[in-house]
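Participant: coordinates only, sequence not included:
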């Protein structure tokens, strides 16, 4: 297990914190629609977030498991099924989650000094050299029953994520 620097854009890496450092314990059920080039896929995640660990299970909408991701101070461990697309990487999924769900201070701390993270209203933006790399647009409370759209401008993908908190909080 290791906690790598994860590429999130052209010549831009994001350092996953160790331990994850989410400020409370929550569990989210998320439905994700992903678009990359001319491909469209849908999947579901159950993500348990906490200060010391994150556990994510990704399944197809029909039920088969694609991947399980465990992240702690020891690093990231990914268990992939043979159904998981080869370019779907656990570390990239975690980087998108941190960018979208962690507080802005934690996001800034994971970026190199020449990159910025700002949030104005319902839009969070990661930029470098005056160029938007990643944007997140929020609608509603994404930690209850909200929605967010993550667009990676450099890598050319978009994730539309509907979240529902399922731990009773």
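Facilitator: Right, received. Where do you want to start? Because the structure is a prediction, the values reported are computed rather than measured.
Participant: quick one, strands of the chain?
Facilitator: 5-9, 12-15, 26-36, 39-49, 53-59, 65-72, 75-80, 115-120, 123-128, 131-139, 147-152, 157-165 (DSSP state E).
Participant: tell me the buried residues in the second one?
Facilitator: If you call a residue buried by 16 or more other CB atoms under 10 Å, then strand 12-15 has these buried ones: 12, 14. The way it works is simple: take the backbone N, C-alpha and C, and place the C-beta from them, glycine included.
Participant: same check, this time on the fifth one
Facilitator: The neighbour-count check on strand 53-59 (16+ other CB under 10 Å) flags 53, 54, 56, 57, 58, 59 as buried.
Participant: and which of those is nearest residue 46?
Facilitator: residue 57 (4.9 Å; CB to CB).
Participant: show me what contacts the closest one?
Facilitator: Going by CB atoms under 8 Å, 6 or more residues apart in numbering, residue 57 touches 45, 46, 65, 67, 68.
Participant: and the buried residues of strand 53-59, which is closest to residue 111?
Facilitator: So of those, ranked by how close each gets to residue 111 (CB to CB), first place is residue 54, at 19.0 Å.
Participant: any idea of the mean pLDDT for the top helix by length along the chain?
Facilitator: The single longest helix within the chain, with elements called by DSSP state H, is helix 90-101. Average pLDDT, helix 90-101: 96.
Participant: got the contact list for that helix?
Facilitator: The contact list for helix 90-101, computed with CB under 8 Å, 6+ apart, reads 4, 6-8, 14, 16-17, 20, 22, 47, 49, 54, 56, 58, 67, 69, 71, 76, 78, 80, 106-107, 110, 117, 124, 126, 134, 136, 142-143, 148, 150, 152, 159, 161.
Participant: select only the buried ones of those residues in PyMOL?
Facilitator: Only the buried entries of the contacts of helix 90-101 go into this PyMOL selection, using 16+ other CB under 10 Å:
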select buried, resi 6+7+8+14+16+17+20+22+47+49+54+56+58+67+69+71+76+78+80+106+107+110+117+124+126+134+136+142+148+150+152+159+161
